[in-house]
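J.: Task: produce atomic coordinates for the following.
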Amino acid sequence: MIRAAVVGASGYAGAELVRILSGHPDVNLAVVTSRQYAGDRFDAVYPALNGIIPLRFQDNDPDLIGQQSDVVFLALPHQTSMEMAPVLLDAGKRVVDLSADFRFKNRDAYESRYQPHACPHLLEKAVYGLCEWNEKEISAADLIGNPGCYPTSILLPLLPLVKENLVDPLGIIADSKSGVSGAGRSASQTTHFCHANESFKAYKVGVHRHTPEMEEQIALAAGEAVSITFVPHLLPITRGMESTVYATLSPGVGEKQVHRCLMDYYVDRSFVRLLTTGQFPDTLQVKGTNFCDIGWRIDPGSGRLILMSVIDNLVKGAAGQAVQNMNLMLGLDESAGLTGVPYPL
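T.: Just a heads-up that it's a prediction; the model follows:
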């Protein structure tokens, strides 16, 4: 059995990792850590897992974590991960980082939205963990930068079309909506019930940290520098994310070419579900799952392509994709531990 550690297990993404790994057929969940709750039982913080997870939180000691585990998930704030990852890698551990610290190849792009990078030499070593795109590289990696939730929902429908030159990589607009859990477990005025309930609003317009992450990946697919307009919104729901992406089709491209392109890339992928013409995705249909549902339509008036996708921001947008990355890294079935049947309601 593979021994797994979840560092930062008291946060929402960390707790979701614990939930998924507890049912993984090839994994023994050996370590959960939390500086805030060190010494407390996990199920005292998350009573829904009472009787399922008997572990107590440990402190974030990388040397001790390395002794007790084979693969380590870092569900930590940005900058904290880059302090722990080198120690774990030196100890021969596989590391999947859910922060932004190892998602970039371009150090300047990272530092423009986050902070100075403490171990830039690892950026070249790290693999961007968008599983449906980088499977070969992930399978040989020791360090994964797990993609952000917004980028996952936007890149999956968009990258095949950019790669095959079916859309203009310039002038892309992405309009996304996320449940409140995407902001993390720490309370703030924005996520306070009285402010988030019965409310719908845009935030961080034009300055969201996920923008350069998406631009780097789109540029790699397009073979040229790109910039996109990205506007995130906060929905008064706990979990779920919907992205609507608008792109200009290349000359002569119509619905058949779009359909064929997406089918060619995703027909055999376990966690991408392509909807039929006239069907549009709904966050309810992917709640608690690792699926990304994709629909599309060409606006008959403008001729513009409208791509729509939904994910569970805590699963495919975080913990589920992290486990999918681990499966690929360790040569396991890609869907191991991730095959729970969706709720019909």
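
J.: For residue 137, which residues are in contact?
T.: residue 127 (C-beta atoms under 8 Å, 6 or more residues apart in numbering). For the C-beta atoms, the positions are set from N, CA and C on the backbone; glycine is no exception.

J.: let's see 10 Å
T.: 126-129, 144, 328 (C-beta atoms under 10 Å, 6 or more residues apart in numbering).

J.: Which of the residues in the helix ranked longest in the chain are classified as buried?
T.: If you go by DSSP state H, the chain has its longest helix at helix 149-163. Using 16 or more other C-beta atoms under 10 Å as the test for burial, helix 149-163 gives 149-163.

J.: Out of the contacts of residue 137, name the ones that lie in helices.
T.: Per DSSP H, these map to helices at residue 328.

J.: Now, the contacts of residue 137 that are in strands?
T.: Here DSSP state E is the test, and these give 127-128, 144 as lying in strands.

J.: would TSV of the residues you listed with neighbour count and distance to residue 243 be doable?
T.: Converted to TSV, the ones in strands among the contacts of residue 137 look like this (neighbours: other C-beta atoms under 10 Å; distance: C-beta to C-beta, whole Å):
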residue	neighbour count	distance to residue 243
127	21	23
128	23	18
144	29	22
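
J.: for these, which one is nearest residue 5?
T.: residue 144 (14.6 Å; C-beta to C-beta).

J.: who are the neighbours in contact with the nearest residue to that closest one once chain neighbours are set aside?
T.: Nearest residue to residue 144 in three dimensions, chain neighbours excluded: residue 129, at 4.1 Å (C-beta to C-beta, 6 or more residues apart in numbering). Contact analysis of residue 129 by C-beta under 10 Å, 6+ apart lists 96-98, 102-103, 135, 137-138, 141, 143-147, 152, 321-322, 324-326, 328-329.

J.: Break this structure down into its domains, please.
T.: 2-125, 150-313 (automatic domain parsing).

J.: Would you format those as CSV with distance to residue 344 and mean pLDDT included?
T.: Formatted as CSV, the domains of the chain follow (distance: least, C-beta to C-beta, whole Å; pLDDT from 0 to 100):
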stretch, distance to residue 344, mean pLDDT
domain 2-125, 20, 96
domain 150-313, 9, 94
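
J.: In a markdown table: these, plus distance to residue 337.
T.: What follows is the domains of the chain, written out as a markdown table (distance: least, C-beta to C-beta, whole Å):
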| stretch | distance to residue 337 |
| --- | --- |
| domain 2-125 | 3 |
| domain 150-313 | 9 |
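
J.: For residue 343, find the nearest of those domains.
T.: Nearest of the domains of the chain (C-beta to C-beta): domain 150-313, 5.8 Å.

J.: and that closest one, how far out from the chain's middle?
T.: Distance of domain 150-313 from the chain centroid (C-alpha atoms, centre = their mean, to the nearest Å) equals 12 Å.

J.: hmm, who's touching stretch 251-267?
T.: For stretch 251-267, contacts defined as C-beta under 10 Å, 6+ apart pick out 132-133, 156-157, 159-161, 163-168, 249-250, 272-274, 276-277, 292, 294, 296-298, 303, 305, 307.

J.: Show the buried residues in those.
T.: 132-133, 156-157, 159-161, 163-164, 166-168, 249, 272-274, 292, 294, 296-297, 305, 307.

J.: what about the strands in the stretch 151-300 of the chain?
T.: Along the stretch 151-300 of the chain, counting by DSSP state E, counting those that start in this stretch, strands occupy 172-178, 201-202, 228-234, 241-248, 272-274, 292-298.

J.: where does the residue nearest in space to the middle of the chain fall, helix, sheet strand or coil?
T.: In the chain, the centroid-proximal residue (C-alpha atoms, centre = their mean) is residue 317; its distance is 3.1 Å. With DSSP: H, G, I helix; E, B strand; the rest coil as the basis, residue 317 sits in helix.

J.: quick one: contacts for the residue nearest to residue 337 when sequence neighbours are not counted?
T.: Leaving aside its sequence neighbours, residue 337 sits nearest to residue 24 (C-beta to C-beta, 6+ apart; 3.3 Å). Residues in contact with residue 24 (C-beta under 10 Å, 6+ apart) are 1-2, 4, 323, 326-327, 332, 336-338.

J.: again, 8 Å this time
T.: By C-beta under 8 Å, 6+ apart, residue 24 lies in contact with 4, 323, 336-337.

J.: Give me the subset of those lying in strands.
T.: residue 4.

J.: And the contacts of residue 24, which two are furthest apart?
T.: Counting by C-beta to C-beta, the most remote pair of those is 4 and 336, 12.2 Å apart.

J.: Could you check which of those two is surrounded by more residues?
T.: Between residue 4 and residue 336, counting by other C-beta atoms under 10 Å, residue 4 is the more crowded of the two (27 against 17).

J.: excluding its backbone neighbours, what's nearest residue 41?
T.: Among residues not flanking residue 41 along the chain, residue 56 sits closest, at 5.3 Å (C-beta to C-beta, 6+ apart).

J.: The one you found is in contact with residue 45, isn't it?
T.: No. Counting by C-beta atoms under 8 Å, residue 56 stays clear of residue 45, with 10.4 Å between them.

J.: Break down the stretch 1-150 of the chain into its strands, ranges please.
T.: 2-7, 27-33, 57-58, 71-74, 94-97, 127-128, 143-145.

J.: Return the list of helices and strands in contact with the fourth one.
T.: Applying 3 or more C-beta pairs under 8 Å, 6 or more residues apart in numbering; DSSP states H and E, we find strand 71-74 packed against strand 2-7, helix 80-90, strand 94-97, helix 320-329.

J.: Good, wrapping up.
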